[in-house]
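S.K.: Build me a model:
(one chain, ligands or ions: 4)
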Amino acid sequence: AKGAGRNALRIFRPQMQSAFEERLTMAADLRQSMEENHFEVYYQPRVSTRDHAIVGAEALLRWNHPRRGMVPPNQFIPLCEETGLIRGLGLFVLTAALRQLHQWQQAGHRMSMSVNVSQRQLADADFAALVEDVLAETEVAGPSLELELTETMILEESPVLQANMNRIRRAGVRLSLDDFGTGYSNLARLRQVEIDCLKIDRSLIKTLPDNAAVTNMVVAIARLMDVKVVAEGVETPEQAAWVRDAHCHEIQGFLFGRPMPAAQFTAVLQRQRDG
Ligand code: C2E
Ligand code: CA
Ligand code: CA
Ligand code: CA
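M.R.: Ligands and ions are numbered 1, 2, ... in the order given. Okay, here's the model as predicted:
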């Protein structure tokens, strides 16, 4: 009976064990990489729809692990959220992005910085105070920072969330809603929450210009809310023309620039000024 038990274990264990162990190993690697600075912030340009000038950047986290190579954020951020590592990493991204923004602004570039925030961060009672501290430390004005939230994060009416959002907005920081049009938008709730900007999700822009019906509706809702509208994931000139005609204010997409290291972004900014 003992032997059979061992065999039975052997039959179902390998995959379960590998999935579980892989998560443990990855969490350990993430912790080590935080100590050894294997994280870097990339920047993707956000341009004005009208003249395609760079008006801002989105900070996007990159994990360059010695053995794993470049790991895309979708493959490690969920684990960071589950383990709470996102607190430290989120602070790293915010600090690095605002330091960089300060340098670019000192060099005369008029632009803002967008930083992604996860649920776990916004649920911390001291998150807004932390944002204020980083702004002060990096000498960046509140309105130059935009924090990107998602719809699911703001659906719940929690006192901590509300207090954080109020305090962040009092500091002049802007709030945007990321991936707009993908969730079950609760329009009544959206009107309660004070949002400065909606980012139309890439999956909707992808359907353009041929299957524009749903995208048309989502853009119409966004414009009715009287906030800034950004089209994400624009890859073709046809899509750029469509969102311009639909009166979206800004564009973020591979057509105008992929996420890139800070030094490369600096070169792009300089070319824009000189050219
Ligand atoms: P997101 O916030 O929606 O960021 C935009 C993603 O779309 C980026 O992927 C960007 O590279 C990609 N993208 C932009 N334009 C185009 C385009 O024209 N075509 C295509 N195919 N893709 C485009 P990335 O950098 O891999 O990030 C994926 C997600 O990881 C982000 O989606 C965000 O949810 C999360 N993420 C990245 N950095 C951070 C961070 O610092 N904190 C948190 N909490 N999440 C982050
Ligand atoms: Ca985003
Ligand atoms: Ca997005
Ligand atoms: Ca997203």
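
S.K.: what's next to stretch 99-106, contact-wise?
M.R.: 41, 43, 57, 111-113, 138-140, 144-145, 262, 266, 269 (C-beta atoms under 8 Å, 6 or more residues apart in numbering). Backbone N, C-alpha and C define where each C-beta goes, glycine included.

S.K.: Which stretches in the stretch 51-200 of the chain count as strands?
M.R.: 54-65, 69-71, 112-116, 145-150, 174-180, 197-200 (DSSP state E, counting those that start in this stretch).

S.K.: Is the first one positioned near ligand 2?
M.R.: No - using C-beta under 5 Å from the ion, strand 54-65 stays clear of ligand 2, with a minimum separation of 5.7 Å.

S.K.: check whether stretch 226-245 contacts ligand 2.
M.R.: No - Stretch 226-245 lies out of reach of ligand 2 by C-beta under 5 Å from the ion, never closer than 7.8 Å.

S.K.: Next, the buried residues of that stretch.
M.R.: Under the neighbour-count criterion of 16 or more other C-beta atoms under 10 Å, stretch 226-245 has 227-234, 239-240, 242-244 buried.

S.K.: got a pLDDT number for the residue nearest to Asp179 when sequence neighbours are not counted?
M.R.: Nearest non-adjacent residue to Asp179, counting by C-beta to C-beta, 6 or more residues apart in numbering: Asp201, 4.5 Å away. At Asp201, the predicted lDDT confidence score is 95.

S.K.: OK, contacts around the closest residue to Val140 other than its chain neighbours?
M.R.: Nearest residue to Val140, sequence neighbours excluded (C-beta to C-beta, 6+ apart): Leu98, at 4.8 Å. The neighbourhood of Leu98, defined by C-beta under 8 Å, 6+ apart, consists of Met113, Val134, Leu135, Thr138, Val140, Leu145.

S.K.: What about Arg31, how many residues nearby?
M.R.: 13 (other C-beta atoms under 10 Å).
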